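Undergrad: build me a model:
(2 chains)
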Amino acid sequence: MGVDIDNRVRKSMAWPHTWAGVLLGSVLFAIFWMGTLSVFDREIDRWMQPGTRLAATTRPLSFDRDVIPAARSVAAQSPQWGFNLPTERMPVLRFFYRDGDQFVTRAIDPNTGALVADQGSHAGTGFIFPFHYRLHISWLDLGYWIVGVAGMAMLFLLVSGVIIHRKIFSDFFLFRPKKRLQRASLDLHNLSGVLVLPFHFVITLSGLIIFISIYFPLGTVGAYGYGKEGSDQFVQEAYGNFKRPKANQAAPLASVDAMVAEAERQWPGGQAHFVRVWHPGDANAYVEVRRSYAHDVTMHLDRITFDGATGSVLHRFEGAPVMKAQRFISGMHFIQFEHWLLRWLYFFAGLSGCVMIATGFLFWLEARRANHAKRGLAGVRVVEAMTIGSVTGIIIATLAFFVINRLLPLDVSVAGQDRAALEMWVFYLAWLGTFMHAALRPAKPAAQPAVRAWREQCWAIATLALAAVLLNWLTTGDHLLKTLAVGYWPVAGFDLALVASAVLALLTGRKLRRREAADRGVQTTIAAADEASDFLRKPAAATAGMAKATLGGDARHG
Amino acid sequence: MAEATMQVLLLVSALLCSLCGFSWLALAMEVHWAQVRGEVPAGGVYGVLRVMGGAALIASLVLCLQADHASMAALVWVMSLAASALMVALFLAWRPRWLAPLVAWVPRPARVAQAGK
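TA: Got it, this is the predicted structure:
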C-alpha cells in the first residue's frame, strides 16, 4: 500500500514538473546564466571597461584630498553623491550622483583622484547583473514578477523532481554519457539536480527572499498597514534611513575622512564600504557611512550618519534581528564577501543549474520525438527551436555583447541610442537571430534531433569567444601572455574562460557532427520506411529522401 | 601572508578530503565498485568504505571550520560537497580506473588470486 501511494504521488508530480519545466525553462535558463556570470560581474566590468583596469591602490584613500574635489567638479549642484569605496575586485572608486531624476555613474581613480573617462558600457554590474533579477523589463515591474514566478516555479520543480526521482540514493553517482541521448540527458539532469540540490534550493529561496517586499508584501502590510506612511515607516525602521531637508544656506563640508575614521572606530573590526553625502554644500548636509561586509555573509545594515557641517554623529543604526536574518539569507545569494574558493564554487554550481535546465529540455525532446513525428505534432519542433535559442542562443548573444563592446567607438550614437544602449541592442538582436536560426534549421528528417542548428550555434560560440579574446588584445594590448605574466587576474581569467568556452564549443560541435553521421547511418532503414509512408502525401520530397536513404549516411552532408 | 597560505592549504585539504569521502561512499555501492575493480570484494568491505567515506566528509567540515568563521565555513563545506560529488560522478563516468588507488589497500578475494596465476 505504501508503494502504491508512492507511485501515485510520483505520477501526479510528473505532469506539473514537466509542464512547469517546459513553460518556464527558457526564463529559468536566462536567470541562471546571467546569475552565474554575475558571480564575476566586477571582473566582466574590468574586461569591458578597459579604463578601469587599474593596479591596486598604492596609497591610502583620502576623501578630502581626492574624492570630494572630483565629485564637486562634475556634480556640484547635485542633491546626492554616492561613493562605493574600492575593493579587492573593484579597483576604482564608484561615484554616482543624482541628475534630475536619473543617476549618473562615474569612476574615480583612487591613486590620482582623477575621474576615469566614461567607458560607455553597462558591462557586468550594469547589464548582466540587473538582467538576472528583472530581465530589463521595468514596465509595470513585470520583470520582477516574471523572475518571481520563475523562482517560485523553480522551488516546485526541485521538490517535485526529488519526488519523481525513483532511486535517488542508488542512482546518486550515476551518469552514463555513452548511452542514448534520452538516457544520458536524464542521467545528467538528475546528477546536476540532486548533487547540487542544497545550492539550487537555497539560491532560489534566497533570491525570492531578497525581494520579499515585492513578492510577499503582506508581511509589511500586516505590521505597518497599507499606504505610503506605513511603507515609509517600515523602510525607515528596517534600513535606518535618516532624512533631513535642505537649509538652503551654503556651508562647507567637514572632513569626510574624519567621519569615516570615526565610523570605523565605532564598529569593532568593521570597515566602511559606502559613503553618501546628502545636500552637499548645504548647511543641513549629512553624510551616511555604511559598513562593509567583505568578510561576512550577512550584508550589514550598520550605518552611522554624520552632520555634514560639523562632523558630529547624528544617528547610529544597526539592523534588527529579523532584518539581520533577511540580510544573512540575502548575503548567501549576493556573495559580496571576499572568498575566492567559495566564489568559484558558486560559479560552477550556477553552471550546473544551467546544465540541469538544458538537460531537462533535451530529455523532454527525446522522450517525445518519435511520438510527435509519427503523429505529425508540432510540439517537439517548437520546443526544440525554443531550447536552442534559450541555451546556445543566449550564450551567443552574451558573446556578441562582449565582441561589440570591443568594436564600438567610444562616442558612437545611432538613432539616439548611446554606446551603452547600442551594446544592449546587439545582445537582443543577436538573441532574436538565434531563435530565428533555430526555427529555420529544423531537424531533417523530423524524427531526428536538430543537430544542424545545435552544431552551427556551437561554431558561432567558438568563433565569437575567440574573436572576443583577439579583440581584447587588438583594442587594449592586454593579451593573455601579458596579463598572465603580470598576474592581472580579472582580464586573464576572463580571456581564459573565453578560450575554455571556445574549446568546449568546438569539441561539442565535433561530437554533434559525429553523432549526426552515426544517427543517419543507423536511422537509414527507419527513414526509408517513413519516407515510404510519406510517399502518398509528398511524392517529390519522399523520392529524394528515399534516394538519400538508399545511398546511406553521408557524413559530408549538412 | 602565512595566514593566507594556511587558509589555502586548509581549504585544499578539505576539498581532497571530501573528494576521497565521496569516492569511498560511491565505491561502497556494488555497481560503482564493479566499474573500478571489477570483482566482488570480500564481505564487510562496503561497510568499512561507508564509514571511511563519512569520516572523510566530517574531516572536511572540520578543516573548513579551521579555515574560516562558522557561517562562511558551513557554506564552503556544503558547496565543496556538491563539487566533490560531481567530480566523483564524472570520474566514474569517464575514468573509473583513476579511483582505483583509493581502494588499492582492499585485498582481492582469495579465489581470484589463485585463478590468476
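Undergrad: I figured A:Cys53 was touching A:Val491, is that so?
TA: Heads up, residue A:53 is Arg, not Cys. Yes: taking CB atoms under 8 Å as the definition, A:Arg53 is a contact partner of A:Val491 at 6.4 Å. The C-beta positions use only the backbone N, C-alpha and C, and glycine is treated the same way.
Undergrad: any residues in contact with both of these two?
TA: Common neighbours of A:Arg53 and A:Val491 (criterion: CB atoms under 8 Å, 6 or more residues apart in numbering or on different chains): A:Arg46, A:Asp478.
Undergrad: and the two? Which one has more around it.
TA: A:Val491 (22 against 17; other CB atoms under 10 Å in any protein chain shown).
Undergrad: contacting residues for the more buried one?
TA: Taking CB under 8 Å, 6+ apart, we find A:Val491 in contact with A:Glu43, A:Arg46, A:Trp47, A:Arg53, A:Asn472, A:Asp478, A:Thr483.
Undergrad: quick one: check the helix or strand that B:Gly53 is a member of for contact with chain A.
TA: Using DSSP states H and E, B:Gly53 falls within helix B:45-67. No: judged by CB under 8 Å from any CB of the partner chain, helix B:45-67 stays clear of chain A, getting no closer than 8.8 Å.
Undergrad: name the residues that touch that helix?
TA: Outside of helix B:45-67, the residues within contact range by CB under 8 Å, 6+ apart are B:6-7, B:10-11, B:13-15, B:17-18, B:20-25, B:27-30, B:33, B:73-74, B:76-77, B:80-81, B:103, B:106.
Undergrad: now the residue positioned nearest the centre of chain B, nearest residue through space, not along the chain?
TA: For chain B, the residue nearest the mean C-alpha position is B:Cys20 (1.8 Å; CA atoms, centre = their mean). Sequence neighbours aside, B:Ala56 is the residue nearest to B:Cys20 in space, at 4.9 Å (criterion: CB to CB, 6 or more residues apart in numbering or on different chains).
Undergrad: per-residue confidence for that neighbour?
TA: pLDDT recorded at B:Ala56 is 98.
Undergrad: residues from chain A in reach of chain B?
TA: Contact residues (CB under 8 Å from any CB) of chain A with chain B: A:170, A:172-177, A:191-192, A:195-196, A:198-199, A:296-298, A:328, A:332, A:337, A:339, A:341-342, A:345-346, A:348-349, A:352.
Undergrad: which of these count as buried?
TA: Buried subset of those (neighbour count, 16 or more other CB atoms under 10 Å in any protein chain shown): A:172-175, A:191-192, A:195-196, A:199, A:296-298, A:328, A:332, A:337, A:339, A:341-342, A:345-346, A:348-349, A:352.
Undergrad: mind checking what secondary structure the closest residue to A:Leu135 other than its chain neighbours has?
TA: Leaving aside its sequence neighbours, A:Leu135 sits nearest to A:Gly143 (CB to CB, 6+ apart; 4.2 Å). For A:Gly143, the secondary-structure state derived from DSSP: H, G, I helix; E, B strand; the rest coil is helix.
Undergrad: pLDDT on the one helix or strand B:Val78 maps to, on average?
TA: Using DSSP H and E, B:Val78 sits in helix B:70-94. In this model, helix B:70-94 carries a mean pLDDT of 96.
Undergrad: residues in contact with the residue of the stretch 201-350 of chain A at minimum distance from chain B?
TA: Using CB to the nearest CB, the single residue of the stretch 201-350 of chain A nearest to chain B is A:Leu345, 3.9 Å away. Listed by CB under 8 Å, 6+ apart, the contact set of A:Leu345 reads B:Val76, B:Met79, B:Ser80, B:Ala82, B:Ala83.
Undergrad: just checking, the first one touches B:His69?
TA: No: proximity of B:Val76 to B:His69 does not meet the contact threshold set by CB under 8 Å, at 10.6 Å.
Undergrad: more neighbours: those two, which one.
TA: In terms of neighbours (other CB under 10 Å), B:Val76 is the more surrounded of B:Val76 and B:His69; the figures are 24 against 11.
Undergrad: what about A:His437, which helix or strand?
TA: Assigned by DSSP H and E, A:His437 belongs to helix A:419-440.
Undergrad: buried residues of that helix, list them for me.
TA: A:419-420, A:422-424, A:426-427, A:430-431, A:433-435, A:437-439.
Undergrad: and stretch A:99-111, by the same measure?
TA: Those would be A:Arg106, A:Ala107, A:Ile108, A:Asp109, A:Pro110, A:Asn111, for stretch A:99-111 by 16+ other CB under 10 Å.
Undergrad: what of stretch A:204-213?
TA: Within stretch A:204-213, judged by 16+ other CB under 10 Å, the buried ones are A:Thr204, A:Leu205, A:Ser206, A:Gly207, A:Leu208, A:Ile209, A:Ile210, A:Phe211.
Undergrad: now it - C-alpha only, CSV.
TA: Output of stretch A:204-213 as CSV, limited to C-alpha atoms (Å, rounded to 0.1, in the frame of the first residue of the first chain):
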residue,chain,number,x,y,z
THR,A,204,16.2,30.1,-5.4
LEU,A,205,14.6,30.7,-2.0
SER,A,206,17.1,33.3,-1.0
GLY,A,207,16.5,35.1,-4.3
LEU,A,208,12.9,35.3,-3.5
ILE,A,209,13.6,36.5,0.0
ILE,A,210,15.8,39.3,-1.3
PHE,A,211,12.8,40.9,-2.9
ILE,A,212,10.5,39.9,-0.1
SER,A,213,8.8,43.4,-0.1
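Undergrad: what is the mean pLDDT for that stretch?
TA: Stretch A:204-213 carries an average pLDDT of 96.
Undergrad: what residues does it touch?
TA: Under the contact criterion CB under 8 Å, 6+ apart, stretch A:204-213 has outside partners A:133, A:144, A:147-148, A:151-152, A:154-155, A:158, A:215, A:219-220, A:326, A:329-330, A:332-334.
Undergrad: from start to finish, how long is stretch A:245-262 in a straight line?
TA: Stretch A:245-262 has an end-to-end distance of 24 Å (criterion: CA to CA, to the nearest Å).
Undergrad: got any ranges where the stretch 401-550 of chain A has weak pLDDT?
TA: Applying pLDDT under 70 to the stretch 401-550 of chain A flags the ranges A:519-520, A:522-550.
Undergrad: how about the helices of it, start to end?
TA: Along the stretch 401-550 of chain A, counting by DSSP state H, counting those that start in this stretch, helices occupy A:419-440, A:451-476, A:480-486, A:489-522, A:524-534, A:539-551.
Undergrad: ranking those helices by burial, who's on top?
TA: Comparing the helices of the stretch 401-550 of chain A by mean neighbour count (mean count of other CB atoms under 10 Å in any protein chain shown), helix A:451-476 ranks first with a mean of 20.
Undergrad: ok so, going back, how about the buried residues of stretch A:204-213 in JSON lines, adding distance to A:Gln80?
TA: JSON lines is the format used below for these (distance: CB to CB, whole Å):
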{"residue": "A:Thr204", "distance to A:Gln80": "34"}
{"residue": "A:Leu205", "distance to A:Gln80": "34"}
{"residue": "A:Ser206", "distance to A:Gln80": "30"}
{"residue": "A:Gly207", "distance to A:Gln80": "29"}
{"residue": "A:Leu208", "distance to A:Gln80": "30"}
{"residue": "A:Ile209", "distance to A:Gln80": "28"}
{"residue": "A:Ile210", "distance to A:Gln80": "24"}
{"residue": "A:Phe211", "distance to A:Gln80": "24"}
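Undergrad: okay if I get these as CSV plus secondary structure?
TA: Shown next, in CSV, are those (three-state DSSP):
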residue, secondary structure
A:Thr204, helix
A:Leu205, helix
A:Ser206, helix
A:Gly207, helix
A:Leu208, helix
A:Ile209, helix
A:Ile210, helix
A:Phe211, coil
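Undergrad: nearest to A:Trp267 among those residues?
TA: A:Trp267 has its nearest neighbour among those in A:Ile210, at 23.9 Å by CB to CB.
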